[in-house]
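J.: take this sequence and fold it.
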Amino acid sequence: MSNAPCRVLIVDDEPLARSHVRSLLESRSDVSVIGECGDGASAVIRIREESPDLVLLDVQMPGLDGLEVVRQVGPDRMPPTIFITAHDEHALSAFEVHALDYVLKPVNRQRFAKAVDRAVSRHREAAPAPALEEAIESLKAPRAGADRLAVRVGERVLYLRMGEFDWVEAAGDTARIHVGRQVYEHRITLTQLEQRLPPDRFVRVHRSVIVNIERIKEFQPWFQGDWIIVLADGTRLQSGKSYRARVRALMEG
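T.: Next up, the predicted model:
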């Protein structure tokens, strides 16, 4: 049994997310944060070089995502890992089966503390890390409900089919989802939601806007190469400079 603090590496491409996770660990004497990584490639190097006791790993990252980090390090050599993800519990049921842990974004203090408690207990008992390969494959496999999003509305939770979204706009760390005349708010960043939406149905046209391709009626030229995108219901959305290539690809079919 080891009484040494559990050495933790934080991996997330969002600086604010890393800062939040670090703040949740500051009051704990049983853990020691040895560093942070903002991308998967540097995480692989750091894990190989320093062999942390615990990795707090974001699943959705551009380039090398969290699951690919595990594959490159090697599932048999990967330290105990808590996945931090925007996927819902239905999508991550495989982790429960395989004795792994995960925390949903936005990170809840109590749920996070429970996950870290479990990891620290495993560290103190010097228990072997659970095998990750089967859980990773289970997460990658198609699953029931993958085309839906659970959205809380008051005391209810609506199970919305993502194909019915007309367009989505960002409001800080909240996505405002437009479905007909209804607007639903969901605590998820636009980048996280973009990774869950079917890429053949949705396209990001602005840093704050994702649109359902099937709802687009016409494109109207705007200033300096940007466009006004008119939807079937008359909604007008402006494209952004960084997304001009995507809009041109849409118009070229």
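
J.: report how many residues lie close to residue 82.
T.: By other CB atoms under 10 Å, 21 other residues sit near residue 82. The C-beta positions use only the backbone N, C-alpha and C, and glycine is treated the same way.

J.: which residues are in contact with it?
T.: Neighbour list for residue 82: 54-57, 101-103, 115-116, 119 [criterion: CB atoms under 8 Å, 6 or more residues apart in numbering].

J.: quick one: strands adjacent to the helix or strand that contains it?
T.: Using DSSP states H and E, residue 82 sits in strand 81-85. Each strand paired with strand 81-85, and its direction, by DSSP bridges: strand 54-58 (parallel), strand 101-104 (parallel).

J.: how far out from the middle of the chain is it?
T.: 10 Å (CA atoms, centre = their mean, to the nearest Å).

J.: so which bits of that strand are buried?
T.: 81-85 (16 or more other CB atoms under 10 Å).

J.: got it, and stretch 35-42?
T.: 36-40.

J.: got a pLDDT number for residue 117?
T.: Note on residue 117: pLDDT of 92.

J.: count of residues packed around it?
T.: Other residues close to residue 117 by other CB under 10 Å number 13.

J.: okay, it and residue 36: tell me how far apart.
T.: Counting by CB to CB, to the nearest Å, the gap from residue 117 to residue 36 is 21 Å.

J.: ok, now residue 226?
T.: Remark: distance between residue 226 and residue 36 (CB to CB) = 36 Å.

J.: what do you get for residue 223?
T.: The value you get for residue 223 to residue 36, if CB to CB is used, is 40 Å.

J.: again with residue 224
T.: 37 Å.

J.: residue 158 too?
T.: Distance from residue 158 to residue 36, counting by CB to CB: 36 Å.

J.: next: residue 217.
T.: Distance from residue 217 to residue 36, by CB to CB: 45 Å.

J.: same question for residue 162.
T.: From residue 162 to residue 36 the distance is 32 Å (CB to CB).

J.: over to residue 232?
T.: On the measure of CB to CB, residue 232 and residue 36 end up 44 Å apart.

J.: residue 118 too?
T.: From residue 118 across to residue 36, the span is 22 Å (CB to CB).

J.: ok, residue 183 touching residue 176?
T.: Yes. Shown here, residue 183 and residue 176 form a contact pair, counting by CB atoms under 8 Å, at 5.6 Å.

J.: among those two, which residue is more densely surrounded?
T.: residue 176 (15 against 12).

J.: off-centre distance for the helix or strand hosting that one?
T.: In this assignment (DSSP H and E), residue 176 forms part of strand 174-179. Distance of strand 174-179 from the chain centroid (CA atoms, centre = their mean) equals 17 Å.

J.: so which elements touch it?
T.: strand 167-171, strand 182-186 (3 or more CB pairs under 8 Å, 6 or more residues apart in numbering; DSSP states H and E).

J.: out of these, which is the most enclosed?
T.: Most buried of those by mean neighbour count (mean count of other CB atoms under 10 Å) is strand 167-171; its value is a mean of 18.

J.: contacts for that one, please.
T.: 175-178, 185, 189-190, 193, 207-212, 215, 231, 235, 237.

J.: show the buried residues in those residues.
T.: If we count by 16+ other CB under 10 Å, the contacts of strand 167-171 have these buried: 175, 177-178, 189-190, 193, 208-212, 215, 231, 237.

J.: nearest to residue 44 among those?
T.: Of all the buried ones among the contacts of strand 167-171, residue 189 has the smallest distance to residue 44: 24.0 Å, by CB to CB.

J.: could you chop the chain up by domain?
T.: Segmentation of the chain into domains, based on automatic domain parsing, reads 6-140, 148-251.

J.: least reliable of these going by mean pLDDT?
T.: Minimum mean pLDDT among the domains of the chain: domain 6-140, a mean of 82.

J.: ok, residue 162 - contacts?
T.: Neighbours of residue 162 in contact, by CB under 8 Å, 6+ apart: 147-149, 196-198, 201-202.
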